[in-house]
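Chemist: model the structure of this input:
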Amino acid sequence: HSILERRATENISIMSFNGKFELQSHENFEPFMKAIGLSDELIEKGKDIKSISEIVQNGKKFKFTVTTGSKVLINEFTIGEEAELETPTGEKVKAVVQMEGDNKLVTNLKKIKSVTEIKGDIITNIMTVGDISYTRISKRI
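Modeler: You can find the predicted model right below:
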């Protein structure tokens, strides 16, 4: 492959995160949120609310906007560079997001490991604290 051909292929695979995604299902919400210190009241409120994620990607720069009910969480980062990211509890932490392959974003937000993977129109986000994993599956809308 020439560099040009390879670059064209890379761009296509890299652009695959762009879009709006609606939460279809999630597992282990309550035990995970308890483990990271969310109050029972907030857990009750949050467990059945539909969540929409919008991802805007420009090369290595990403902007994730997650709207859950009236709460909007916005995280912006560049792959491989330190950024200030907001955790599910609303705390801001410094973290570096890495890309594995061309469809997986991995980061550690303090004690939470977050892995976001896209396959076609489905985004799977798995957040893990200790031995508790919270899985969110969202579909492109």
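Chemist: quick check: buried residues in stretch 20-32?
Modeler: For stretch 20-32, the neighbour count (16 or more other Cβ atoms under 10 Å) marks 21, 23, 28-29, 32 as buried. Heads up, the C-betas are built off the backbone N, CA and C, glycines and all.
Chemist: so which strand or helix has the residue most central in space within the chain?
Modeler: Centrality entry for the chain: nearest residue to the mean C-alpha point is residue 116, 5.1 Å, by Cα atoms, centre = their mean. Residue 116 is part of strand 112-119, with elements assigned from DSSP states H and E.
Chemist: tell me how far the following helix or strand past that strand is from the chain's mean position?
Modeler: Per DSSP H and E, the first helix or strand lying C-terminal to strand 112-119 is strand 122-129. Put simply, strand 122-129 sits 7 Å off its chain's centre (Cα atoms, centre = their mean, to the nearest Å).
Chemist: same question for stretch 92-104.
Modeler: From the chain centre to the centre of stretch 92-104 is a distance of 9 Å (Cα atoms, centre = their mean).
Chemist: run through who's touching it.
Modeler: Residues outside stretch 92-104 that contact it (Cβ atoms under 8 Å, 6 or more residues apart in numbering): 10, 13-14, 16, 60, 62, 77, 79-87, 105-110, 115-119.
Chemist: inside strands: which ones of those?
Modeler: 62, 77, 82-86, 105-109, 115-119 (DSSP state E).
Chemist: which of these count as buried?
Modeler: Buried, going by 16+ other Cβ under 10 Å: 62, 77, 83, 85, 105, 107, 109, 115-116, 118, out of those.
Chemist: hmm, which of those residues is lowest in pLDDT?
Modeler: Among these, residue 109 carries the lowest pLDDT, at 91.
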